[in-house]
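Engineer: Model the following, please.
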Amino acid sequence: MFRPKYPEAPTPSIVHVPTAVPTAQHSHAPACSCQHTTAPAPTRPAGLLSGLNAGTVGAVVTVGIVLTALLAAVAVTAISVAVAAVVMRSLLTSQRRR
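Structural biologist: Sure, this is the predicted structure:
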């Protein structure tokens, strides 16, 4: 349906007699036998997210959840390290005073 139809190429005639000169005959076959009309414009559904399907939405949600979990893990680790640093500092400071 969407493949182009090429005209058939004429088969060349080979003349084996060296004195004969072939005459050039040009006949153009039509490219296709269909009647050309303007195609209707494709219709698109309205909306910003109309091209997304369920698989795309699921992948985006999954990636969002994973990134949020990683960010939360980094935040918890940073808070833990900060608390440990404060505790170590207070212990070392109290030993120097004695």
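Engineer: tell me which element residue 96 falls in.
Structural biologist: Using DSSP states H and E, residue 96 sits in helix 54-97.
Engineer: quick one: average pLDDT of that helix?
Structural biologist: The average pLDDT within helix 54-97 is 93.
Engineer: what packs against that helix?
Structural biologist: Applying 3 or more Cβ pairs under 8 Å, 6 or more residues apart in numbering; DSSP states H and E, one finds that helix 54-97 contacts no other helix or strand. Using the backbone N, CA and C atoms, a C-beta is placed for each residue, glycine as well.
Engineer: residues near residue 69, how many?
Structural biologist: Residues contacting residue 69 under the criterion other Cβ atoms under 10 Å number 10.
Engineer: Give me the distance between it and residue 84.
Structural biologist: Taking Cβ to Cβ, to the nearest Å as the measure, residue 69 falls 23 Å from residue 84.
Engineer: Then residue 96?
Structural biologist: 19 Å.
Engineer: Would you mind telling me which of those two has more residues around it?
Structural biologist: Between residue 96 and residue 84, counted using other Cβ under 10 Å, residue 84 has the larger neighbour count: 10 against 6.
Engineer: show me what contacts the more buried one?
Structural biologist: Taking Cβ atoms under 8 Å, 6 or more residues apart in numbering, we find residue 84 in contact with no residue.
Engineer: Use 43 as the first number from now on
Structural biologist: Taking 43 as the first residue, the last one we looked at is residue 126.
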